[in-house]
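Peer 1: predicted model, plus sequence, below.
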Amino acid sequence: MDTPTTASRPTTAPPAPGGIGDTPQRPDGILKVKGSFAYASDLWADQMLWGATVRSPHARARILAIDIGEALATPGVEAVLTHEDIPGRNLYGLEVADTPVLASDEVRFHGEPVAVVAADHPETARRAAARVKVAYELLEPVVTEAQALAPNAPTVNPHWPGNIVSRQPVRRGDPDGVGADVVVRGTYTIGMQDQAPLGPEAALAVPGEDGGVDLYVATQFLHVDRAQLAPVLGLPEERVRLTLGGVGGAFGAREDITLQAHACLLALHTGKPVKMVYSREESFLGHVHRHPAVLEYEHGANRDGRLVYVRARIVLDGGAYASTTAAVVGNAAGLGIGPYHVPNVALEAIGMVTNNPPCGAMRGFGAVQACFAYESQMDRVAAELGLHPVEFRQRNALAEGGVTAIGQVLDSPAPVAELLGIVRGMPLPESSEDHRELPGGYSWSTRGEGVRRGVGYSVGVKNVAFSQGFDDYSTARVRLEEVAGEPVVTVHTAAAEVGQGGVTVWTQIARSELGVERVVLHPADTAVGSAGSTSASRQTYVSGGAVRDACRLVRDDVLRLADRPSNSRLVGGRVVAAEGAVLDDLADVLAGRVVEHTAEYRHRVTHALDPVTGQGDAFVQYTFCAHRAVVDVDVELGIVKVVELAAAQDVGRAMNPQAVAGQIQGGGAQGMGLALTEEIVVRDGLVVNGSFTDYLIPTIADAPSMPVAMLELADPHAPYGLRGVGEAPTVSAAPAVVAAIRAATGRPLARIPIRPEDLVDV
């Protein structure tokens, strides 16, 4: 990977060691590199049982009978549970409770849970699960838009008559009343991408002496998990206690409940700890995926290179249950024309239910699908006008003070044109004379005869944090005490660490605010107030804000204890006057006392989009990323090699520069995977490639050179001026890669991921 470059305006102060702006070592980094980090799948307890799930082999079928007799008679089996054994409500859901914990009358997707088993050995549990006999009456699955939205379509899910979860129009200006010199129409298709976290779903449920349960789980949202579990278990929330287990990646796959309820039900039924760990194949069936989409766009522009109007229709397939489909639809609609000024817009986004696998949160969350379509259109319009694709984008780019398609004024830096200029101005990589560096070169499949090079550009926009009126907040508890003559800070939040780097950022904030080197992180659990989900690029923003505010309350108490002016500071374990003179040693001020505060941080208020016009101040913050991709394509073999994927992004404030660069590069790699290789293949509702043998994610061998340029243009509304980072690079990476392949091949390429047969004559 390339060393990132940072351009800061205005110049930020040099970082304190281990504080904001520095790059301290991750506390879990060495353990993960050495393979000794304890993930949720490594959890263990005395007398522990193992859980397994019985899943539907059909996309749609009526359940006629369930026979658990043979499974229950298997030696070593202690429980086999069906929907009849659920003590509370047999429904859950992240936004709407429409998903059965265990199917009762009908299965609605391939892999839907029907029963769960607990046994003394994982293999025994799996064998017993295979002995559960379920009699099905097969029904015709509803798997296409034409089937789902037909006037007399069968209802897939009784919660959603008409098979529509959400419909969001955006209307601005009068697209029907204006003309354009150039009109370009296109239909674009995106396949179903999987988050593909390397760590499978895993949890350990331990029954409590109070009749409750303690759940140690790999998740993204502890408190919402608890809120969904308690009604299922028939327990008050205070008797459902969750602690974060080690998480091996997430990217949205762990926002929804998977095995949490099943493990808890088995533990409470047997009175013993129950561990559940999905196999890789089961993981592909057991969690939500990125919504596949079909997007129809029409762009109108004048000869001066200015966009006049955009019309669009976006259809997102949410699968059998709602999950976050409504929010994904809102994002796709609100961000659906990209970071461009367009005076006239008529757009509609629809989220439908089908008998395909359920879809929900994945990095980019609606913006990814829209960006592929609108950026493909921008390239086509630029070509019609005879303009360079970057120049055309820059002419129409939004900037601070501009108005988005939903009528929201950009009231912080929006350097869209500048980011495009940065990636365009980066030196282009030279062609290699080494045949091994060509597509397929290490297999000696080419000597370069059919290899063509292409360069492509894109820019994307993503919202940060929960939006559209959601009460989005985070809680942090900070304790300062003297231990063995040294001040020590403990930070306690429920923010899930899923690899994004919160475990360093919280300590960096505490060091900067309290001037204390030793900072301890309390395990994330539900014993402290909610931190919300680790998603939507929000945790550094909202949990960082909560940690900052709690630290400042602690600092104010310390200054009162020391009887020092409120403008004094805590630096290097000392109380320091405003002019820099050392006043007190912090350990002496504490003198055995503990100073502790809890703070809640809320970002500024947002509003739901108008259901008719789609207008409203829906988003907390916008973040932008531009990419330039350089590819080599063997047009005879249909093989693509991404030579370089350069990025420029405004990060507001690089809290941890190395981690920020890693997020941008990782997001780019995930977008590259969507462009080239990653797709869950679903036929008649059935997943046919649920393993890493057939679902191909980019590896280190596929990673191109990935130079990163970071701007630090502070957002005045955000803590420390920062911007959420992790999602924006995934939004813009895939369109850049596809644009480069189009440039190399001359092919239209309106569907991703691109397949080899799309690039060669067959």
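Peer 2: On my side now, so go ahead.
Peer 1: elements contacting the lengthiest helix in the chain?
Peer 2: When the chain is parsed with DSSP state H, its longest helix is helix 539-561. Using 3 or more Cβ pairs under 8 Å, 6 or more residues apart in numbering; DSSP states H and E, the elements in contact with helix 539-561 are strand 473-483, strand 486-493, helix 502-514, helix 586-590, strand 594-602. Yep, even glycine has a C-beta here, placed from its N, CA and C like the rest.
Peer 1: the nearest residue to residue 690 once chain neighbours are set aside - how many residues pack around it?
Peer 2: Nearest non-adjacent residue to residue 690, counting by Cβ to Cβ, 6 or more residues apart in numbering: residue 284, 3.4 Å away. Burial of residue 284 is recorded as 23 neighbouring residues (other Cβ atoms under 10 Å).
Peer 1: buried sites along the helix or strand harbouring residue 284?
Peer 2: In this structure, residue 284 sits in helix 280-286 according to DSSP states H and E. Using 16 or more other Cβ atoms under 10 Å as the test for burial, helix 280-286 gives 282-286.
Peer 1: in a helix, residue 432, correct?
Peer 2: No: per DSSP: H, G, I helix; E, B strand; the rest coil, residue 432 lies outside any helix segment and is coil.
Peer 1: quick check: the residue nearest to it when sequence neighbours are not counted vs residue 632, distance?
Peer 2: Spatial nearest neighbour of residue 432, excluding adjacent residues (Cβ to Cβ, 6+ apart): residue 438 at 7.3 Å. Here the distance between residue 438 and residue 632 works out to 6 Å (Cβ to Cβ, to the nearest Å).
Peer 1: and residue 365, which of the three is it?
Peer 2: Three-state call for residue 365 (three-state DSSP): coil.
Peer 1: you'd agree it is up against residue 252?
Peer 2: Yes: using Cβ atoms under 8 Å, residue 365 is in contact with residue 252, at 7.1 Å.
Peer 1: any shared contact partners between the two?
Peer 2: Common contacts of residue 365 and residue 252, defined by Cβ atoms under 8 Å, 6 or more residues apart in numbering, comprise residue 535.
Peer 1: just to revisit the earlier point, next helix or strand past the helix holding residue 284?
Peer 2: Next element after helix 280-286 (DSSP H and E): strand 293-301.
Peer 1: that following strand - contacts with which helices or strands?
Peer 2: Here strand 293-301 touches strand 182-190, strand 307-317, helix 367-385, going by 3+ Cβ pairs under 8 Å, 6+ apart.
Peer 1: quick check: what element follows the longest one along the chain?
Peer 2: In the C-terminal direction, the helix or strand that comes right after helix 367-385 (DSSP H and E) is helix 389-396.
Peer 1: between that following helix and strand 293-301, how many degrees?
Peer 2: Computed by axes from the mean of the first three to the mean of the last three Cα atoms, to 10 degrees, the angle separating helix 389-396 from strand 293-301 equals 70 degrees.
Peer 1: list the buried residues for helix 389-396?
Peer 2: 389-390, 392-396.
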